[in-house]
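Asks: Quick one: sequence and predicted model below, then my questions.
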Amino acid sequence: MLLNLLIKDEKKFDKELYSSGPYWNYKNRRAIIEIKKKGLEDFRGITAGIGTSFADNLVLDIRNEFNIKGRIVGKIFSLPPLNIIFNGQINTTQNYLDSFIKNQGIVYKNSKKVQNLIGKFQFNNTTDFGCVQSFEYLNKNYSCHYLNMANRINNLYKDFDFKNIKNYFEIGGGFGSNIHFLITNFSNIKKILYLDTVPNIYVGTEYLRHHYKEKVKDYLELRNLDKISFSKNNDLEIFCIPPWLIEKVDTEIDHFHNAASFVEMPKKVISNYVKFIKKFKTREISLISYSGFDLKTTFNPEELNSFFDNKLSVSWKHSLIEEYNKKEIYLTSHKVY
């Protein structure tokens, strides 16, 4: 019911202001098909393509990634005798993924940076919903994805005191894992505004509801309110909203965060979001983006500075596993508005 309502209502609102752009529009359509077909039970596994690009699933059967024309071709490959060839390829891919997951786990659990993060932060229930990219360390399972997020938060520690944040706003939160990690480690973060596109916001809502039950307020509960505001208390509240519902939000924000997705949006959409970040009297901002951007689908992350009145500090930092030789760009600022 929630997903269907989100899909229905999305058509009523200004696509120029609230569209996720061509790259995500295609992926969102495909993800909706997969959700209706397979549900969310294993969205972090290898049997569904729901979370490709915003979760930590792996792709076993590429037919799950096809567009409509591709699915027709996929149907052909499901018929004899071509299905014999395709199934053989799937078996080969399965062996490769098994080897990849095993070796990745070895790299993570032997990393001093990973061990230090495990000693510094709490990691509770990080492998729910069929997570396969995980490893065991000291008799406990850890999600590789969560360790990467912990590394980002640890990097931001140098600029922000997360123990002084109460109201937190994130756009493009993937499947809600960053919010889950923050709540686990910072009990002072009590009021959370989580915004994402359809169907990502549906996945994130259900993921966070799995962990926090009635503390999560979904679109069904919020859509008919004239004004969306946090209660004036110290109880945990998580508001999960699609893009167009930001127009009803009335609150002040201590910290705004976006990781990776701003550079994938049309610039007009970003400008609209920044208008609300300003309206919310946002005190701090942190943006993180990957270095290997493709001008066909993204733009140079250093251009993000042009959207804000106050110049953001720019720095490049290594990803968690430095052997992978990847860096991410961090843009941060205090007293944004």
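Replies: All right, it came through fine. Residues are numbered from 1 along each chain as shown.
Asks: Just the strands from the stretch 1-150 of the chain, written as ranges.
Replies: 134-137, 140-143 (DSSP state E, counting those that start in this stretch).
Asks: so where's the stretch 51-200 of the chain uncertain?
Replies: Applying pLDDT under 70 to the stretch 51-200 of the chain picks out residues 62-77.
Asks: May I see the strands of the stretch 1-150 of the chain organised as a markdown table, with distance to residue 7 added?
Replies: Backbone N, C-alpha and C define where each C-beta goes, glycine included. What follows is the strands of the stretch 1-150 of the chain, written out as a markdown table (distance: least, CB to CB, whole Å):
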| stretch | distance to residue 7 |
| --- | --- |
| strand 134-137 | 32 |
| strand 140-143 | 29 |
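Asks: Figure out which of these is closest to residue 46.
Replies: In terms of CB to CB, the element of these nearest to residue 46 is strand 134-137, at 12.6 Å.
Asks: quick one: buried residues of the closest one?
Replies: By 16 or more other CB atoms under 10 Å, the buried positions in strand 134-137 come out as 134, 135, 137.
Asks: Could you pull up the residues touching the nearest residue to the second one once chain neighbours are set aside?
Replies: Beyond its immediate neighbours in the sequence, the residue positioned closest to residue 135 (CB to CB, 6 or more residues apart in numbering) is residue 105, lying 3.2 Å away. Neighbouring residues of residue 105 by CB atoms under 8 Å, 6 or more residues apart in numbering: 134, 135, 136, 144.
Asks: As a quick check, tell me the outermost residue of this protein.
Replies: Distance from the centre of the chain peaks at residue 81, with 39.7 Å (CA atoms, centre = their mean).
Asks: And that residue, how far from residue 117?
Replies: Residue 81 sits 50 Å away from residue 117, going by CB to CB, to the nearest Å.
Asks: how about the helices of this protein, start to end?
Replies: 2-10, 15-18, 22-38, 68-77, 82-109, 112-120, 144-156, 177-185, 200-212, 219-222, 267-279 (DSSP state H).
Asks: what's the closest of these to residue 288?
Replies: Across the helices of the chain (criterion: CB to CB), the nearest stretch is helix 144-156, sitting at 5.9 Å.
Asks: Now the closest one - C-alpha only, CSV.
Replies: Provided in CSV are the C-alpha atoms of helix 144-156 (Å, rounded to 0.1, in the frame of the first residue of the first chain):
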residue,chain,number,x,y,z
CYS,A,144,31.4,-4.1,4.8
HIS,A,145,29.0,-1.3,3.9
TYR,A,146,28.6,-0.2,7.5
LEU,A,147,32.3,-0.2,8.0
ASN,A,148,32.7,2.1,5.0
MET,A,149,30.0,4.4,6.5
ALA,A,150,31.8,4.3,9.9
ASN,A,151,35.0,5.4,8.1
ARG,A,152,33.1,8.4,6.6
ILE,A,153,31.7,9.4,10.0
ASN,A,154,35.1,9.0,11.5
ASN,A,155,36.6,11.3,8.9
LEU,A,156,33.9,13.9,9.6
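Asks: Now find how far off-centre it is within its chain.
Replies: The chain centroid and the centroid of helix 144-156 are separated by 13 Å under CA atoms, centre = their mean, to the nearest Å.
Asks: tell me what that helix is packed against?
Replies: helix 82-109, helix 112-120, helix 177-185, strand 327-334 (3 or more CB pairs under 8 Å, 6 or more residues apart in numbering; DSSP states H and E).
Asks: ok, so of the contacts of residue 105, who is nearest residue 269?
Replies: Checking these against residue 269 by CB to CB gives residue 144 as the nearest, at 30.2 Å.
Asks: hmm, back to that, right, and the strands of the stretch 1-150 of the chain - which one's nearest residue 322?
Replies: strand 134-137 (17.4 Å).
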